[in-house]
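Chemist: 3D model of this:
(one chain, ligands or ions: 1)
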Amino acid sequence: MANGMKSSRESALIGLWRWLSWTAVSALALAGMMLAAVSLPARLKLIGLFSLALGLTAGWVVGKIAHWRRIHHPRRLFPAATLLIAAALAGMTAESFRQWQISRDAELQAELRKSVGMRLLGPDLIDDFVQDQGTFEDYLAHRYSALVDLSRLSFPSSTRHFWWLLGIEIVAGSLAGGVISSRMVVGKFCESCGSWHEPKQSQVVEPITGNRCLELLSADQSVSLPNDAHLLLEFSTCRRGPEIPSVRCVLDRPGEAARVIVESQPDRATYDQLGLLLDEPIGTR
Ligand SMILES: [Zn+2]
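Modeler: I've put the predicted structure just below:
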């Protein structure tokens, strides 16, 4: 009993450590990525699409880090990654604003220095006058100016709409990234040795054989294949796993997304029976 409690506390600590290290490494990676993205030429930053592409890339990056840190809870990773990517996109917007403000100030200064009246005031006064002239709302108007031009319709270019556009960009980009990252940790994970299952082999079987396999592997006898479907059997083992691989049964039907219907860790007898059904001894190919 005491032993069991200790191990559950240990596994909670391991879990915490995985999440903390994922957060730290991901935050660093995203910060670097966003700083690099800010310096890309403005022409590349197509409205909306850029944030979406960046969100997807960020999702792939934090998904890779999660897989490496052995985070195996897609449903927990989705909100965590979405929030982290949203923060990164917001940070990138803030940095873009800051750089836009600097270059705008410089332009304004150069222009004012040329004008005769301002030249009398002296450069220091001009600098003071120009300091941080552009507001964030001016920046947004600049950011979406191409969209206003493109639409050619009477696009309602009020400040409120620009805030909405910015919000939609960030939300869509981060949700897309969240989905990508969580898809990257759906693989089977072994809690006891802390490793991802590695695929050994897979085999596609006809519906009749497939249904026999399902009868053998599934506790729920009502699971069966439609006539036009195939069953894909995926065998995998963890690093220090038992000799007998675990089996994932994927329903593959034309026009439908493949989905896992049964996951099973068969015993020796069941596994041997499965080998007979499949006509060839498994694990020799
Ligand atoms: Zn294991």
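Chemist: what's the first-to-last distance across stretch 256-269?
Modeler: 33 Å (CA to CA, to the nearest Å).
Chemist: what's the answer for stretch 34-53, then?
Modeler: The first and last residues of stretch 34-53 sit 12 Å apart, counting by CA to CA.
Chemist: rounded mean pLDDT for that stretch, please.
Modeler: If you average the pLDDT over stretch 34-53, you get 83.
Chemist: again with stretch 190-208
Modeler: 87.
Chemist: ok, now stretch 226-241?
Modeler: 88.
Chemist: flag every residue of the chain that's near the ion.
Modeler: Within the chain, the positions near the ion by CB under 5 Å from the ion are 190, 193, 238, 241. Yep, even glycine has a C-beta here, placed from its N, CA and C like the rest.
Chemist: would you map the strands across this structure?
Modeler: Applying DSSP state E to the chain gives strands spanning 189-190, 195-196, 198-205, 230-237, 246-252, 259-264.
Chemist: okay if I get these as JSON lines plus mean neighbour count and distance to residue 7?
Modeler: Formatted as JSON lines, the strands of the chain follow (neighbours: other CB atoms under 10 Å; distance: least, CB to CB, whole Å):
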{"stretch": "strand 189-190", "mean neighbour count": "18", "distance to residue 7": "15"}
{"stretch": "strand 195-196", "mean neighbour count": "16", "distance to residue 7": "17"}
{"stretch": "strand 198-205", "mean neighbour count": "14", "distance to residue 7": "25"}
{"stretch": "strand 230-237", "mean neighbour count": "19", "distance to residue 7": "22"}
{"stretch": "strand 246-252", "mean neighbour count": "20", "distance to residue 7": "22"}
{"stretch": "strand 259-264", "mean neighbour count": "15", "distance to residue 7": "24"}
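Chemist: ok so, going back, closest to residue 206 out of the residues of the chain next to the ion?
Modeler: residue 241 (28.8 Å; CB to CB).
Chemist: burial count for that closest one?
Modeler: Residue 241 sits with 17 neighbouring residues when counted by other CB atoms under 10 Å.
Chemist: what do you get for the one 3 residues further on?
Modeler: For residue 244, the neighbour count with other CB under 10 Å is 18.
Chemist: for the nearest residue to it once chain neighbours are set aside, give its distance to residue 247.
Modeler: In space, and not counting its chain neighbours, residue 244 is closest to residue 271: 5.0 Å by CB to CB, 6 or more residues apart in numbering. Distance of residue 271 to residue 247, given as CB to CB, to the nearest Å: 8 Å.
Chemist: ok, residue 50 - contacts?
Modeler: By CB atoms under 8 Å, 6 or more residues apart in numbering, the residues touching residue 50 are residue 44.
Chemist: quickly list what residue 204 is bridged to.
Modeler: residue 232 (DSSP bridges).
Chemist: that one is in contact with residue 225, isn't it?
Modeler: No - using CB atoms under 8 Å, residue 204 makes no contact with residue 225, being 11.9 Å away.
Chemist: any shared contact partners between these two?
Modeler: residue 231.
Chemist: sorry, back to before: any chance of the strands of the chain in a markdown table, plus distance to residue 21?
Modeler: Shown next, in a markdown table, are the strands of the chain (distance: least, CB to CB, whole Å):
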| stretch | distance to residue 21 |
| --- | --- |
| strand 189-190 | 16 |
| strand 195-196 | 16 |
| strand 198-205 | 22 |
| strand 230-237 | 25 |
| strand 246-252 | 27 |
| strand 259-264 | 28 |
